[in-house]
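# I would like to see how this sequence folds:
(one chain, ligands or ions: 2)
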Amino acid sequence: MVGREMREEQSVGLYRTADGHPIRLFATVGNLEEAVDALQSDVAGIGLFQSEFLYHNQERLPSETEQCEIYASVLQQANDRPVVIRTLDISKLKKADFLSMPPEENPSLGSRAIRFSLSHPEIFQTQLRALLRAGRYGRAGLLFPMIENVSEIRDVKQCLQESMETLLQQRLPYAEHVPIGLIVETPAAALMADLLAVHVDFLVVGINDLTQYTLAADRGNDRVAYLYDAAHPAVLRLAQQVCQAAHRVGIPVGVCGALAEDTEMTEALIGLGFDAFCITPKAVSSVAARIAQAHLWVASELASRVLERESASDVRTVIRGKGPET
Ligand code: PEP
Ligand code: MG
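Numbers count the residues shown, from 1 in each chain. Ligands and ions are numbered 1, 2, ... in the order given. Just a heads-up that it's a prediction; the model follows:
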């Protein structure tokens with residue numbers, strides 16, 4: 001999933017539908033131990049290495065060297081499989097206690113993820129330099145959370161450029177070509193995916209957040225949990241747009257978040273056009289089994305049908321084979 005150069009010969013983590021359509025399964029992990037464990041399983045690599053653990057429950061910011069050592073150790077253990085590291089995604093659910101962030105009335109709509117990183121260039125560039133240095137030890141990819149407009153990608157690229165210049169001045173070796181991707185997590189990003197896709201090497205749909213923002217239902221609030229279902233046709237329509245935009249410019253597109261491991265939805269997600277799923281390692285065997293049973297043409301037809309339904313529960317009814325044909 002880390003760009004056009006995804007090596008065809010790499011078969012680990014490559015699964016096929018019953019009619020031969022390839023789908024890659026990558027691991028989602030939240031810390032070093034999970035990453036090491038995940039690499040023992042039959043995954044194409046790590047598709048989402050969440051870096052918040054480096055900042056969570058700490059008394060100070062992680063240094064460039066500390067971060068670099070952790071990323072490098074995962075890259076070395078990945079043994080030429082890609083490891084896609086997501087830059088800091090501070091949010092309401094993923095706090096960094098020592099980063100005294102002023103309270104916000106609507107934290108989910110506030111200074112989180114890439115917004116936080118771009119407004120804290122010291123913290124961001126320390127992470128970028130660590131990632132660039134570690135990139136020499138394997139096939140790293142960089143993933144930027146919650147980007148929703150092209151100017152943010154330009155700013156990210158500018159920060160990457162400055163990080164490289166600093167490393168050059170310090171005579172510290174680094175990887176010059178690291179594929180970059182973004183997580184589509186807002187309706188704005190999904191609707192603009194054609195304009196965003198031309199600037200990156202791969203896209204990932206973050207279906208947890210895409211659901212929260214599309215349905216305006218806080219993913220952590222039980223009182224609106226009845227509204228929060230990623231199988232909602234509005235979310236799936238946006239996801240399909242992202243797949244189409246990625247394919248139009250010849251880059252791969254993955255899906256991460258809870259829906260990616262909901263085996264009831266595997267066939268529909270294949271039909272929407274996803275090339276890769278980022279899932280927790282425990283879900284690999286069940287998702288792989290569903291892929292093996294699926295047929296691409298059936299999946300495409302199923303995807304078209306669910307996109308016409310009125311609600312998430314209608315979608316699930318169709319998927320369970322109980323719904324009407326149209
Ligand atoms: C997502 O939003 O779908 C995602 C995988 O990111 P997180 O759940 O970490 O916000
Ligand atoms: Mg997210």
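# quick one: the strands in the chain, in order.
14-16, 22-29, 46-50, 82-86, 139-144, 180-184, 202-206, 253-256, 276-279 (DSSP state E).
# quick one: which of those is nearest ligand 2?
strand 202-206 (3.9 Å; CB to the ion). For the C-beta atoms, the positions are set from N, CA and C on the backbone; glycine is no exception.
# picking that back up, ligand 1 is nearest to which of the strands of the chain?
strand 202-206 (3.1 Å; CB to the nearest ligand atom).
# what angle do strand 82-86 and the closest one make with each other?
50 degrees (axes from the mean of the first three to the mean of the last three CA atoms, to 10 degrees).
# for residue 36, see how far away the nearest residue to residue 301 once chain neighbours are set aside is.
Distances taken as CB to CB, 6 or more residues apart in numbering place residue 271 nearest to residue 301, at 7.2 Å, with adjacent residues excluded. The gap separating residue 271 from residue 36 is 34 Å, by CB to CB, to the nearest Å.
# which residues sit against the longest helix seen in the chain?
Counting by DSSP state H, the longest helix found in the chain is helix 150-169. Applying CB atoms under 8 Å, 6 or more residues apart in numbering, the contact partners of helix 150-169 are 114, 118, 121, 124-125, 128-129, 132-133, 142, 144, 147, 173-174, 176, 180, 182, 192, 195-196, 199-200.
# and the residue nearest to residue 84 when sequence neighbours are not counted, how many neighbours does it have?
Counting by CB to CB, 6+ apart, residue 141 is the residue found nearest to residue 84 once chain neighbours are left out, at 3.8 Å. Residue 141: 25 surrounding residues under other CB atoms under 10 Å.
# unless I'm mixing things up, residue 141 is touching residue 203, no?
No - using CB atoms under 8 Å, residue 141 is not in contact with residue 203, being 11.8 Å away.
# can you tell me how far the residue lying closest to residue 237 once chain neighbours are set aside sits from residue 277?
The shortest distance from residue 237 to any non-neighbouring residue, by CB to CB, 6+ apart, is to residue 307 (5.6 Å). For residue 307, the distance to residue 277 equals 19 Å [CB to CB].
# more crowded one of those two?
residue 277 (30 against 17).
# the more buried one pairs with what?
With DSSP bridges as the criterion, residue 277 is bridged to residue 25, residue 255.
# quick one: residues contacting it.
Contacts of residue 277 by CB under 8 Å, 6+ apart are 23, 24, 25, 26, 254, 255, 256, 260, 261, 266, 269, 287.
# now the fifth one: closest residue in space, sequence neighbours ignored.
Counting by CB to CB, 6+ apart, the nearest residue to residue 254 once its immediate chain neighbours are dropped is residue 276, at 3.7 Å.
# just how off-centre is stretch 280-296 within its chain?
18 Å (CA atoms, centre = their mean, to the nearest Å).
# separation between the closest residue to ligand 2 within the stretch 1-150 of the chain and residue 226?
In the stretch 1-150 of the chain, the residue that lies nearest ligand 2 is residue 145 (5.9 Å; CB to the ion). Distance, residue 145 to residue 226, by CB to CB: 27 Å.
# so which of the two has more stuff around it?
It is residue 145, of residue 145 and residue 226, that has more neighbours when counted by other CB under 10 Å, with 26 against 9.
# surely the residue nearest to residue 254 meets residue 47?
Yes - the criterion here is CB under 8 Å, and residue 276 meets it with residue 47 at 6.4 Å.
# what about these two, which has more around it?
More crowded of residue 276 and residue 47, by other CB under 10 Å: residue 47, with 33 against 26.
# list the contacts of the nearest residue to the more buried one once chain neighbours are set aside.
Computed as CB to CB, 6+ apart, the closest residue to residue 47 that is not its neighbour in sequence is residue 26, at 2.7 Å. By CB under 8 Å, 6+ apart, residue 26 lies in contact with 1, 13, 43-48, 82, 84, 254, 276-279.
# what pLDDT does residue 244 get?
pLDDT for residue 244: 98.
# okay, now it: neighbour count?
Using other CB under 10 Å: residue 244 sits among 15 other residues.
# how about residue 270?
24.
# without its sequence neighbours, what residue ends up closest to it?
Computed as CB to CB, 6+ apart, the closest residue to residue 270 that is not its neighbour in sequence is residue 299, at 4.3 Å.
# alright, calling it a day.
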